[in-house]
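1. turn this into a model:
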Amino acid sequence: MREEVHQDARPVRRRGRTALLIAGAVALGLVAGTCAGYLVQADREPTKLPPLSQPVLAQAKGDGPEPLSAAQDRQVTLDGDLRKLLLKRPGNARKALYTVGSDGWMSLADYAETYNKPKNAFGNLIGEEFRRAAVTNWREGSTFHVEIRLIQYRQEEKLAAYDEADDSYYWAEKQGDTDSWPIPGTGDGMAYVHHKPESEPGYMDVYHAEAHAWRGDIAMEIWAFDTKPIPKKKIMDLAKRQMERL
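-> Numbering: from 1, shown residues only. From the prediction side, this is the model:
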């Protein structure tokens, strides 16, 4: 389960603060530029209008540029079957001991259930323009489990994929007794290994590692669990190979 956060839970905004600051700065820049333009124009003499008749422009000859192929147009790939972008299960892997999603998809309700407060998370995800989520998981050996999620947002109003990753960085660092490393080629993507296991009476201790990054309108999450400490190499390898597929 992940920690669920919202605006009234703590004074720091849960998501979107950077995006809103940028949007605000852009808006202020546009307003200031428009006002300055009106002031300059007010002091100028009226400009004479050109004659109504204009020379006929010759139409360019030849074919226009060819449209990008599906292999070159990244958005075509991202709008296709999102499950195909998930890292393939290794040949030596087996079916996990638990089931996630349905046929490789996580519904909005399924994804909200990964938070500690699903009801609040459900409303937040609607506001963040959740579009869809693809998921895969597997088991290596008897105890090492991997779960990978790709969460896609519509991003008509905000940079939700960035916000999702940024939020995940924050909570991963908050856990303490954690090592972290940047994921090469991702900009700000990060991988984490938590050294303190989760302990419950009557159960074996479980260690976990995680990785988060984003690209375009997709946020990537990788979760790894084992009954023994997880080495950096494992989580970093998963993260780098998954991001290469995006």
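
2. what's stretch 229-239 in contact with?
-> Here stretch 229-239 makes contact (Cβ atoms under 8 Å, 6 or more residues apart in numbering) with 87, 144, 146, 148, 179, 181, 183, 186, 189, 191-193, 195, 207-211, 213, 220, 222, 224. Where C-beta positions appear, they are placed from N, C-alpha and C, glycine not excepted.

3. so which of these belong to strands?
-> Under the assignment DSSP state E, the contacts of stretch 229-239 contribute 144, 146, 148, 179, 181, 191-193, 195, 207-211, 213, 220, 222, 224 to strands.

4. mind listing the strands for the chain?
-> For the chain, applying DSSP E gives strands covering 105-106, 130-140, 144-153, 178-182, 190-198, 206-215, 218-226.

5. would you list these in a markdown table and tack on mean pLDDT?
-> A markdown table is the format used below for the strands of the chain (pLDDT from 0 to 100):
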| stretch | mean pLDDT |
| --- | --- |
| strand 105-106 | 96 |
| strand 130-140 | 96 |
| strand 144-153 | 96 |
| strand 178-182 | 97 |
| strand 190-198 | 95 |
| strand 206-215 | 96 |
| strand 218-226 | 96 |
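
6. any chance of the ones you listed in JSON lines, plus mean neighbour count?
-> As requested, those are exported to JSON lines (neighbours: other Cβ atoms under 10 Å):
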{"stretch": "strand 105-106", "mean neighbour count": "18"}
{"stretch": "strand 130-140", "mean neighbour count": "19"}
{"stretch": "strand 144-153", "mean neighbour count": "22"}
{"stretch": "strand 178-182", "mean neighbour count": "14"}
{"stretch": "strand 190-198", "mean neighbour count": "18"}
{"stretch": "strand 206-215", "mean neighbour count": "23"}
{"stretch": "strand 218-226", "mean neighbour count": "23"}
